[in-house]
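*Asks:* sequence plus the predicted model coming up.
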Amino acid sequence: MMSGYRCSDRCWPVAGVAGQGRKIRGAATGGGAFGLRAVILGLCLALALVCAVSAARAGVPGFLRARMGVLRGVIQLPPGVEMPADGAIVAFFDRRKGPPPTEVGMHRVPEMVVRSDPEGRFGVSLLPGSYMIGVLLRPRGVGPGPPRPGEQFFFAMTPDGRFATFAVQSKATTDAGVIAVAPPQQIRELTEFVTVRGRVFDEQGRPFAGARILVKQDPRMARPLFVSAPSAADGSYAIKLPPDTTYYIVARQNIQGGRPAPGSYVGTFGKRSPEPSIGQKVATPLAGVGPGGVGEALPVRGAAGEVIDHVDITMFRVPDPEANRRKYKKEERASEDGQGRGPLRGR
């Protein structure tokens with residue numbers, strides 16, 4: 001029951017999370033082995049929840065860990081939706097970095113992820129800031145990743161249809177109480193975003209299916225702000241972004257691991273784009289597209305509700321550095337051999 005957790009002196013007191021004036025289920029159901037097993041089960045669930053705070057802290061550098069605060073609450077799913085027996089995945093997204101993933105296949109790395117208990121209770125350590133909360137109903141053992149087809153996912157929402165935010169203070173515990181969540185279709189705030197649309201092509205100009213669109217505020221950023229769902233069979237994609245912000249649009253064949261692997265495909269909007277009017281220096285660029293030169297990454301920016309079209313990307317194969325190194329060495333040896341035989345031929 002407690003796989004993956006290590007309890008330490010940083011764990012919450014059991015009474016502060018699973019107790020709180022409530023009887024643990026099964027604790028009052030008679031004596032004997034059955035009652036004892038029920039008590040042990042309840043304590044395991046409680047300890048797994050309270051020790052999640054320590055597990056969440058584990059990946060944070062020590063000098064930042066001392067600043068972290070605690071956010072806790074109880075997830076309330078919409079009417080007719082039942083909380084799974086093993087709880088739900090609860091993800092926390094920094095409000096300053098834009099919206100959480102609101103479509104199947106869309107991806108954004110959350111600042112922290114925990115799993116609630118079967119009654120929806122959760123606790124998490126976070127750096128000071130304002131956070132949006134996403135809830136994904138996924139069984140244990142399925143693995144990480146964005147919402148998948150058929151999975152139910154929800155977001156904490158305000159009564160007027162906006163993403164609810166929860167403030168975390170340094171070295172303080174915030175109890176958010178009951179947090180009502182709703183499906184993304186009910187969030188009206190999404191209509192205020194800018195929509196970026198385009199197509200992905202290979203080097204021959206054919207549609208490139210399955211590419212992921214990575215959105216960055218600097219083309220040199222190692223970690224993107226947002227990742228789209230895979231491009232369609234015709235290479236088309238669309239992604240919603242917070243307005244009035246400058247972005248750079250990058251495409252990758254896959255997003256597993258770190259740097260693109262040799263032989264895989266990558267592309268950047270503006271670098272040798274197949275659209276003749278894009279990627280060339282122009283006095284009046286396309287709506288939402290900043291000026292730039294041939295081979296340069298072009299910025300994209302839009303206002304609330306705006307749609308920016310024709311943000312097309314050409315994909316190129318990543319070269320194999322080892323193969324190139326062998327090729328250059330072979331050419332170098334051939335050149336040296338040729339220079340060595342030169343004087344002999346002149347005799």
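*Replies:* Right, received. Where do you want to start? Residues are numbered from 1 along each chain as shown.

*Asks:* ok but residue 325 is inside a helix, no?
*Replies:* Yes - assessed with DSSP: H, G, I helix; E, B strand; the rest coil, residue 325 lies in a helix.

*Asks:* tell me how many other residues crowd it.
*Replies:* Around residue 325 there are 10 other residues, counting by other Cβ atoms under 10 Å. Just so you know, the C-beta spots here come from the backbone N, C-alpha and C atoms, and that holds for glycine as well.

*Asks:* equivalent analysis for residue 203, please.
*Replies:* 14.

*Asks:* quick check: it touching residue 315?
*Replies:* Yes - look at residue 203 against residue 315 with Cβ atoms under 8 Å: they come within range, at 7.1 Å.

*Asks:* can you show me the helices along the stretch 151-300 of the chain?
*Replies:* Taking DSSP state H, counting those that start in this stretch as the test, none of the stretch 151-300 of the chain falls into helices.

*Asks:* show me where pLDDT drops low in it?
*Replies:* Along the stretch 151-300 of the chain, segments meeting pLDDT under 70 span 256-258, 272-295.

*Asks:* let's see that with 90 instead.
*Replies:* 160-162, 184-193, 203, 217-229, 240-245, 254-264, 270-297 (pLDDT under 90).

*Asks:* how about the strands in it?
*Replies:* 152-156, 166-168, 173-182, 194-201, 212-216, 226-227, 236-241, 247-252, 265-268, 299-300 (DSSP state E, counting those that start in this stretch).

*Asks:* quick one: closest of the ones you listed to residue 66.
*Replies:* When these are compared by Cβ to Cβ, strand 166-168 sits nearest residue 66, at 14.2 Å.

*Asks:* for the closest one, name the packing helices and strands.
*Replies:* Strand 166-168 is packed against strand 69-76, strand 129-137, strand 173-182, with contacts defined by 3 or more Cβ pairs under 8 Å, 6 or more residues apart in numbering; DSSP states H and E.

*Asks:* what's the angle from the first one to strand 129-137?
*Replies:* It stands for strand 69-76. Strand 69-76 and strand 129-137 are oriented at 40 degrees to each other (axes from the mean of the first three to the mean of the last three Cα atoms, to 10 degrees).

*Asks:* pLDDT of strand 69-76, averaged?
*Replies:* Strand 69-76 shows a mean pLDDT of 96 in the predicted model.

*Asks:* thanks a lot, see you next time.
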